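Asker: A predicted structure for the sequence below; I have some questions about it.
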Amino acid sequence: MIKKYYLLSPGPTPVPEEALSAAAEPIIHHRTPQFSDIFMEVTEGLKYTFQTQEDVFTLASSGTGAMQTAVINTLSPGDKVISLNGGKFGERWGEICRAFGVEVKEIKLEWGKEYTKEQLSEELNSNPDTKAVFSTLSETSSGTVFDIQGYGEVVSKTDALLVVDGISGLGATPCPMDDWNVDVMVAGSQKSFMIPPGLAYIALSQKAWKFVENSTLPKYYYDLKRYKESLGKRTTPWTPAVSLVIQQKKSLDIIRNMGLKRLFDHHRILGETTRAAVKAIGLELLSERPGNILTAVKVPEGVDGNKLKKIMQEKYNAYIAGGQSSYKGKIFRIAHLGYMGAFDIITALSALEMTLSELGYEFDRGKAIKAAQDILKENWQ
Ligand SMILES: *Cc1c(COP(=O)(O)O)cnc(C)c1O
């Protein structure tokens, strides 16, 4: 058989053809009016997607570069912060902070568990010298979406900053930066922004810019003051990733034409479809607050999770993601993120049913597909 490859992972995600082919266009010089026009349109599109009036800066890095940028531009050595660690990516905030000599009070959550704004409020009351709260919109390792709106209500009443990793969630699930009082928001190009890996985005509130003035952590390449000054001149401080910026313009056009509301609805329908389908064949979700970005599913008892992933990826070329860290072999993750349509979910579920039956799991084959079709038929728009 022709082994067609199906990318069903929560990053990198599939890229629409307009954006793919834009990578083949001749390179233009970045210090030209032509490039500046494209760059400024991208910046506007990012502001639209971040739902902010503040500047959004484009970095040539993966998402983690923007996370580091958030830390080194706002804090100083010895500053105390709270970091919500609900999985692999929440953990990263703590690692970055410690690497730069920031003192971290880490709230370690079991993967998939929720953390309420009331809990955060108590934590801040007992740690009044906290400079920043680091959190994750969509924890990609567990498929959990956290209550950023609630955290914003709590943190905005204090002198601390709310820093949010929106790398997989922003653009797929609602998180209006300004309305929800997010002080620093970071995102990455290879998730919901529908282009290849290589760009990261960051925006700061006015409250966060005051922190920038006092921050003494070392910085050069990621010094946001330089980015701000350059953006005033319609450019970037260093050579931008020209082709990726042009590709981002194509995908942002799709996002803007569709509108955020319809885009969020699209993800909600795909999320509901996936959850209903896996439940219909007796599988359980990992998360108690599952998001519409990806669905993390527990490997059922008696099934070898590593084999499940291997068969899906290598036999059927349906590239879902497995579990990370201690969840390796215990969960698998189906993404409904980026440039994915309804029938991409059907493909994932079909490969899943074939794999599960091969591994001896007992269920009615076809039931997941039927459950998925029921939701899609009802919600088709
Ligand atoms: C993918 C991801 C990251 C890491 O981004 P890189 O692009 O690999 O550096 C960070 N946080 C979340 C929530 C992610 O999904």
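Answerer: Structure's in. What do you need? Numbering: from 1, shown residues only.
Asker: determine how far the helix or strand hosting residue 250 lies from the middle of the whole chain.
Answerer: Element membership of residue 250 [criterion: DSSP states H and E] is helix 242-258. Helix 242-258 sits 17 Å away from the centroid of its parent chain (C-alpha atoms, centre = their mean, to the nearest Å).
Asker: for it, what is the average pLDDT?
Answerer: Here helix 242-258 scores 98 as its mean pLDDT.
Asker: for that helix, packing partners?
Answerer: helix 17-22, helix 33-50, strand 56-60, strand 199-204 (3 or more C-beta pairs under 8 Å, 6 or more residues apart in numbering; DSSP states H and E). C-beta here means a position set from N, CA and C on the backbone, and glycine is covered the same way.
Asker: for the ones you listed, which one sits closest to the ligand?
Answerer: For the ligand, the closest of those is strand 199-204, at 6.9 Å, according to C-beta to the nearest ligand atom.
Asker: what angle sits between that closest one and helix 33-50?
Answerer: Orientation check (axes from the mean of the first three to the mean of the last three C-alpha atoms, to 10 degrees): strand 199-204 against helix 33-50 gives 60 degrees.
Asker: compute the inter-axis angle for strand 199-204 and helix 242-258.
Answerer: For strand 199-204 against helix 242-258, the angle by the same axes, to 10 degrees is 60 degrees.
Asker: may I have the phi/psi pair for residue 186?
Answerer: Phi and psi for residue 186, reported as degrees, to the nearest 10, are phi -120, psi 150.
Asker: compare the helices and strands packed on helix 242-258 and give me the one nearest residue 111.
Answerer: Across the helices and strands packed on helix 242-258, residue 111 has its closest neighbour in strand 199-204 (24.3 Å, C-beta to C-beta).
Asker: does that closest one come close to the ligand?
Answerer: No. Strand 199-204 does not reach the ligand (C-beta under 6 Å from any ligand atom); its nearest approach is 6.9 Å.
Asker: what does that strand rub up against?
Answerer: Contacts with strand 199-204, where a contact means C-beta atoms under 8 Å, 6 or more residues apart in numbering, come from 46-47, 50, 52, 54-66, 69-70, 73-74, 167, 177, 183-189, 193, 212, 224, 241, 244-245, 248.
Asker: where along the stretch 151-300 of the chain do the strands fall?
Answerer: Remark: strands assigned in the stretch 151-300 of the chain by DSSP state E, counting those that start in this stretch are 161-165, 184-188, 199-204, 294-298.
Asker: any residues of the chain in contact with the ligand? List them.
Answerer: Checking the chain against the ligand by C-beta under 6 Å from any ligand atom, the hits are 11, 62-64, 89, 136, 138, 140, 165, 167-168, 188, 191.
Asker: that older thread, next, format the helices and strands packed on helix 242-258 as a markdown table and append mean neighbour count and mean pLDDT.
Answerer: Listed next are the helices and strands packed on helix 242-258 as a markdown table, based on neighbours: other C-beta atoms under 10 Å; pLDDT from 0 to 100:
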| stretch | mean neighbour count | mean pLDDT |
| --- | --- | --- |
| helix 17-22 | 16 | 97 |
| helix 33-50 | 18 | 98 |
| strand 56-60 | 22 | 98 |
| strand 199-204 | 27 | 98 |
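Asker: could you pull out the helices for this protein?
Answerer: Using DSSP state H, the helices found in the chain span residues 17-22, 33-50, 63-74, 88-99, 117-126, 148-155, 206-214, 224-232, 242-258, 260-280, 305-310, 342-358, 367-379.
Asker: now render those helices as a markdown table, adding distance to residue 327.
Answerer: Converted to a markdown table, these look like this (distance: least, C-beta to C-beta, whole Å):
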| stretch | distance to residue 327 |
| --- | --- |
| helix 17-22 | 32 |
| helix 33-50 | 30 |
| helix 63-74 | 20 |
| helix 88-99 | 9 |
| helix 117-126 | 23 |
| helix 148-155 | 23 |
| helix 206-214 | 33 |
| helix 224-232 | 34 |
| helix 242-258 | 30 |
| helix 260-280 | 16 |
| helix 305-310 | 9 |
| helix 342-358 | 18 |
| helix 367-379 | 22 |
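Asker: out of those helices, nearest to residue 6?
Answerer: So among the helices of the chain, helix 342-358 is nearest, using C-beta to C-beta, at 5.5 Å.
Asker: give the other helices and strands that the closest one contacts.
Answerer: strand 6-7, helix 260-280, strand 318-319, strand 331-335, helix 367-379.
Asker: repeat that with 10 Å
Answerer: strand 6-7, helix 260-280, strand 294-298, helix 305-310, strand 318-319, strand 331-335, helix 367-379 (3 or more C-beta pairs under 10 Å, 6 or more residues apart in numbering; DSSP states H and E).
Asker: including mean neighbour count, could the ones you listed go into JSON lines?
Answerer: Output for the helices and strands packed on helix 342-358, formatted as JSON lines (neighbours: other C-beta atoms under 10 Å):
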{"stretch": "strand 6-7", "mean neighbour count": "18"}
{"stretch": "helix 260-280", "mean neighbour count": "20"}
{"stretch": "strand 294-298", "mean neighbour count": "27"}
{"stretch": "helix 305-310", "mean neighbour count": "17"}
{"stretch": "strand 318-319", "mean neighbour count": "21"}
{"stretch": "strand 331-335", "mean neighbour count": "27"}
{"stretch": "helix 367-379", "mean neighbour count": "17"}
